[in-house]
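>>> Fold the following, please.
(6 chains)
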There are 6 protein chains.
Amino acid sequence: MSRSDGRRPDELRTLEIRPDFLEQPHGSVLFSEGRTRVLCTASIEDSVPRWMSGRGVGWMTAEYSMLPASTGERSQREVSRGRPGGRTVEIQRLIGRALRAVTDFRALGERTVWLDCDVLQADGGTRCAAISGAYVAARRALDRFGLGKALPGSVAAVSVGIVDDVVLLDLDYEEDSRAEVDMNVVMTGDGRLIEVQATAERVPFARDQLDEMLDVAALGIDEIGRAQVEAAEAVRA
Amino acid sequence: MSRSDGRRPDELRTLEIRPDFLEQPHGSVLFSEGRTRVLCTASIEDSVPRWMSGRGVGWMTAEYSMLPASTGERSQREVSRGRPGGRTVEIQRLIGRALRAVTDFRALGERTVWLDCDVLQADGGTRCAAISGAYVAARRALDRFGLGKALPGSVAAVSVGIVDDVVLLDLDYEEDSRAEVDMNVVMTGDGRLIEVQATAERVPFARDQLDEMLDVAALGIDEIGRAQVEAAEAVRA
Amino acid sequence: MSRSDGRRPDELRTLEIRPDFLEQPHGSVLFSEGRTRVLCTASIEDSVPRWMSGRGVGWMTAEYSMLPASTGERSQREVSRGRPGGRTVEIQRLIGRALRAVTDFRALGERTVWLDCDVLQADGGTRCAAISGAYVAARRALDRFGLGKALPGSVAAVSVGIVDDVVLLDLDYEEDSRAEVDMNVVMTGDGRLIEVQATAERVPFARDQLDEMLDVAALGIDEIGRAQVEAAEAVRA
Amino acid sequence: MSRSDGRRPDELRTLEIRPDFLEQPHGSVLFSEGRTRVLCTASIEDSVPRWMSGRGVGWMTAEYSMLPASTGERSQREVSRGRPGGRTVEIQRLIGRALRAVTDFRALGERTVWLDCDVLQADGGTRCAAISGAYVAARRALDRFGLGKALPGSVAAVSVGIVDDVVLLDLDYEEDSRAEVDMNVVMTGDGRLIEVQATAERVPFARDQLDEMLDVAALGIDEIGRAQVEAAEAVRA
Amino acid sequence: MSRSDGRRPDELRTLEIRPDFLEQPHGSVLFSEGRTRVLCTASIEDSVPRWMSGRGVGWMTAEYSMLPASTGERSQREVSRGRPGGRTVEIQRLIGRALRAVTDFRALGERTVWLDCDVLQADGGTRCAAISGAYVAARRALDRFGLGKALPGSVAAVSVGIVDDVVLLDLDYEEDSRAEVDMNVVMTGDGRLIEVQATAERVPFARDQLDEMLDVAALGIDEIGRAQVEAAEAVRA
Amino acid sequence: MSRSDGRRPDELRTLEIRPDFLEQPHGSVLFSEGRTRVLCTASIEDSVPRWMSGRGVGWMTAEYSMLPASTGERSQREVSRGRPGGRTVEIQRLIGRALRAVTDFRALGERTVWLDCDVLQADGGTRCAAISGAYVAARRALDRFGLGKALPGSVAAVSVGIVDDVVLLDLDYEEDSRAEVDMNVVMTGDGRLIEVQATAERVPFARDQLDEMLDVAALGIDEIGRAQVEAAEAVRA
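You can find the predicted model right below:
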């Protein structure tokens, strides 16, 4: 089986991370992985939700949205049907958990970090791209205010799947829609697991297939991590 | 570390499965795992959503809800705030995927199976209990109409977690709220994986901890499977 | 005219009241009247809504819901359409008024009693069963905390109707759907009226028919009252 | 006890019924009972809801709303909180039932009659005024299209209550807010009952008090009926 | 081209302004312009929204609604679809801006003026009639409490349009639906502009057409202004 | 008075129009006017809403949204509060009307053009930038499918205002928030008016001020028009 864009099974798509894509948000990044393009911003607010106030710790929360025309066929804007759909809710909970796992809320102090991940173009793997991009946006925003210690670790995510019985790294939309098994892995920069979500889309899978997918995911995350470091440390314009 | 109810780390809570708890739904079961008690019903409708019609295949969907007083402290009824919360949406999507993975939709024909999982009492592990119970309700309903072939396999789910660095099977609420890592595993009766969801609640975890949790989960699911078979085959009153 | 289950016109269906059906809510009861089965719970909260605070009196409120599969044909879960329907709203207002009429809010103090009535199986008369059951749940919860004085009286409800020109007590679903007149009567244990709701479903009715229905209702409520006392005073497990 | 406006206990407030208050709706009436003023319109549509179609019978439905400034103190417009409140839902169900009880749906044919009752000024008894006014609006609209046979009977409603232990007819807002018992009675023009709703607001009431309230209500409805006939038969401008 | 009711192109429809149409709201007026009939009320509340409090200035806000049967064909009540539609939102924002432009919020003090404009009958130009009527209602309410200085100027509005290439003043519904260009003009009593909204409904228009429409609008507003003064100064009953 | 960025009163901000910013939508453009940056896409669907079907003409509709972090201070995502706000509704209605005024729906045939305008960064004038950008996106999309004739004219928009009594072209956010009068003008490429919306934010304005604003707007629109032509005719990559 060969991939439509000629990649090896364990090869990521082309990464491009443009930090400070916008001037007004505290942190922003246009994160591209193949044709998937996610605009991630981080906004820091000097307060926490009322129920958390007075404890000296901060909060971080994420929102995720796809522009209607981000896929080939236009989808309905979620606001038109009155609430985020089930898929959106799941994804924004996932992004929030992933980033919170590497945050030191005591170092953050009583501040809230809002992460907004807006998918400008979707070609598979948007939730993983959102996590990887949100980390860079958060890092840029916190560094700007001298709050870098609030983010002691780093986090990245990648998808893996089984297509025609072959384990593939970083599925594009077409591969994802044919996959027998679909997995998202979120890991820290030092190689520990934050989240593993593996789902049999068509046929249940064996334990050794799970093991192989985890191995391949670790390779991909390592490569994303290096690109994140470069973007996070770019000189501010 | 000892568990509050004296269980061994790899021991399930007491299971009680009462098939046909109600007379009117096509299939029903009161599924108890410790103090967690979920009423699962299955209703078969002789049609499919319009967008699926004419293809000769069926559909299966799940809904999940917790009664307001199911936990010690009363929670708000979801209808009062206008929509299912994020947690509810995630869980009902999970239940639906789990059951669909063992369903033969061609054998089902153009019918819809509605699975309703209502948590009467919650003491941890409600989503897993809902999956394990929904399977029995679906089996009872399909057998009643001679549609048993639509469910060629079986499915069960169990939670595992790491508490104070020890891997524990089938966490109750108190254990779950202290867990460092929380995992839900859904497997078929013949030992294949359908869904693995592992989340670091506080600290990222290592790959070998993931492996140990998967081993323990497989033991628990095997035991639940035996109880399911017994309930599914009970003589109808 | 004979009734499908052989009852006399002025005969109640079989009553079964199981107090403390659940362990976690403060008070709970599974109330069965024929095939109608309602799970009623009472939760006591040590505060009142803000607008009532500081006056030394308490509050009591009720919610009512039918499980989707509680009737033979599955109905839509109300949360899916975004709000309680008109019928639900009417019923929970009725339950609340009925119970508040026998409550001493000064003896209750600044506490809120939440009554939840969830219909597990519906075969007519669910709103009356909910009232009769909610009383027992409230009594069990208040007694547990030594607040029995807050409920100086008792309350029960029953339906009456005219079917084929005959006055029938405690209609099941099939009778109810054929009734010319449908009435719900809520009374105290000592025989006074709290609520009378009589509705001509098909043909207007005469004053003497109203009188006859009230007579029969009083008999039914007397019998329910005796069963309530027994359940309310059951020794706690 | 004397009433603030000098009425006898069994005396109605001043009635004024202005048929054809508007030119565009099929039927319209401005119904005033004391300071309570309700604008009722009837619109006839030449179709029925899809689920009723093909049976040769029609449908009638009612909506009720209070203008925000209709009471002394401005209340919130219901659209601002996203749905009709519980009280509104109850009232529009009541109005619909009352009017349908005197309608011949076969004579109406496959048409829908929409009744809109908008309270311009509220001083107690608005639901009863809405019923009494809606009847006149419906009659005017149906007569205009030669469909008078669809409304073979007439219907009116009045409130009765017990204030300081005295039975009073047609309570204004101030009396209603002090009432121990509050009752709405809906009757046909020929003296039969359509709906009886009696509620103990503070203390349960005895059977003979119910009887007295019903007697007084019948007198009031008789008087309203005569005013309705006059308005319904007014020559069209 | 001649107008269906025989008016000259620059002639207003018949105006009728009935101040104090209701007794309970602080200010009320039934404003009729041809068959368009709008009930405007003004309610004064002795507080401001929390975010404005403590600054010594007041607030004024407007709501607008059409009764379902106000047009020939009954439209759906907005509360039934859960929120004000786009057109309603635009109109109530316009009314609020228009009235606030002639209000002295320091003279008003920390009070809120609620303006409610409910269209009883719609035959074109309802938003302009609402503005012109709301001014009279506000004036009546403020004068009643000796707050007349809070409304130092006056405001009125009128529609103009181009139909079959002719500029027409004060379009009725039928004219409006055929118009090539539709314009609403809001002006103060002393001839200055508050709002100009001109929209090409079918074909773009030239600058000199805009000029002609503005000239005609000024004439109409002058006439409405004289009627407003008369109603505003009517002796209170 | 001098402008913060040194512009002359009648000078536009720097324009940058990047056609085909995304690969997947049929037409897309990143439209920048100073720091205001709007991503406009056009999607063509081969059908029309059901109520228009069979007439041989097409439809065009627009949606507008601001990313939460597009302004300096993060705003709430509209989907979180359940519906588009009043301002959003007004703007998307305006964009739709503007583009429809230059569309030939018969040449379009039974197709729908969806225009999505998502503000990535907001610094004043976003609704005008959205209109000017949406035109280019629509042109690119229609040309791609050989449907260029459906857009026989062109359209652009610009804001003008009066700040400290001086007429200024193309206000940025800071100027806009200080403006006495705020006007948006939409014109065709050949100099005719489509929409004029002038609003006195603080003080009513005179007719000759309106005239001066219209003159300045025409100059700005002319310059935007030249940039649109260049972008619309760019060679496709």
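>>> Residue A:104 contacts residue A:151, doesn't it?
Yes. Counting by CB atoms under 8 Å, residue A:151 is a contact partner of residue A:104 at 7.3 Å. Any C-beta I mention is one placed from the backbone N, CA and C, and that applies to glycine too.
>>> more neighbours, the two?
Between residue A:104 and residue A:151, residue A:151 has the larger neighbour count (other CB atoms under 10 Å in any protein chain shown), namely 23 against 14.
>>> Can you name the residues that contact that one?
When contacts are counted by CB atoms under 8 Å, 6 or more residues apart in numbering or on different chains, residue A:151 touches A:102-104, A:135, A:138-139, A:142.
>>> Is the helix or strand where residue A:117 lies positioned near chain F?
Using DSSP states H and E, the element containing residue A:117 is strand A:112-121. Yes. Using CB under 8 Å from any CB of the partner chain, strand A:112-121 comes into contact with chain F via A:114, A:116, A:118, A:120-121.
>>> Can you check the residues you listed and name whichever has the most neighbours?
Neighbour count (other CB under 10 Å) singles out residue A:116 as the most crowded of the residues of strand A:112-121 next to chain F, with 27 neighbours.
>>> Chain B next: which of the contacts of residue A:151 are close?
Within these, nothing lies near chain B by CB under 8 Å from any CB.
>>> need the longest helix for chain A.
Counting residues, the longest helix in chain A under DSSP state H turns out to be helix A:207-232.
>>> one step back: pull the most distant pair out of the contacts of residue A:151.
A:104 and A:135 (14.2 Å; CB to CB).
>>> next one: the longest helix of chain A to chain centre, how far?
13 Å (CA atoms, centre = their mean, to the nearest Å).
>>> just the angle between it and helix B:207-232, please?
If you take axes from the mean of the first three to the mean of the last three CA atoms, to 10 degrees, helix A:207-232 sits at 140 degrees to helix B:207-232.
>>> how about helix A:207-232: buried residues?
Using 16 or more other CB atoms under 10 Å in any protein chain shown as the test for burial, helix A:207-232 gives A:209-210, A:213-214, A:216-218, A:220-221, A:223-225, A:227-228, A:231-232.
>>> counting contacts, what elements does the lowest-mean-pLDDT helix or strand in chain A pack onto?
Here the helix or strand of chain A ranked lowest by mean pLDDT, DSSP states H and E is helix A:86-100, holding a mean of 92. Judged by 3 or more CB pairs under 8 Å, 6 or more residues apart in numbering or on different chains; DSSP states H and E, helix A:86-100 is in contact with strand A:59-66, strand A:112-121, helix A:126-144, strand A:155-163, strand A:181-188, strand A:193-200, helix B:86-100.
>>> Is there proximity between the fourth one and chain B?
Think strand A:155-163. No. Strand A:155-163 lies out of reach of chain B by CB under 8 Å from any CB, never closer than 9.0 Å.
>>> Can you name the residues in contact with the least confident helix or strand of chain A?
Under CB under 8 Å, 6+ apart, the answer for helix A:86-100 is A:60-66, A:78, A:84, A:113, A:115, A:117, A:126-127, A:130-131, A:134-135, A:138, A:155, A:157, A:184, A:186, A:194-195, A:197, B:86, B:89-90, B:92-93, B:199.
>>> Tell me the confidence at residue A:130?
Note on residue A:130: pLDDT of 98.
>>> sorry, back to before: now, among the buried residues of helix A:207-232, which is nearest to residue F:38?
residue A:231 (25.0 Å).
>>> so that closest one makes contact with residue A:28?
No. Contact criterion CB under 8 Å: residue A:231 and residue A:28 do not qualify, at 11.3 Å.
>>> Between the two, which contacts overlap?
residue A:19.
>>> what about the spatially closest residue to residue A:212 that is not a sequence neighbour, how many neighbours?
Distances taken as CB to CB, 6 or more residues apart in numbering or on different chains place residue A:167 nearest to residue A:212, at 5.1 Å, with adjacent residues excluded. When neighbours are counted by other CB under 10 Å, residue A:167 registers 19.
>>> which SSE is residue A:167 in?
strand A:166-169.
>>> What is that strand packed up against?
strand A:155-163, helix A:207-232.
>>> tell me which residues in that strand are buried?
Quick answer for strand A:166-169 (16+ other CB under 10 Å): A:167-169.
>>> ok, the residue nearest the centre of chain A - contacts?
What sits nearest the mean C-alpha location of chain A, by CA atoms, centre = their mean, is residue A:131, with 1.7 Å. Residue A:131 sits next to A:94-95, A:98-99, A:155-157, A:186 when contact means CB under 8 Å, 6+ apart.
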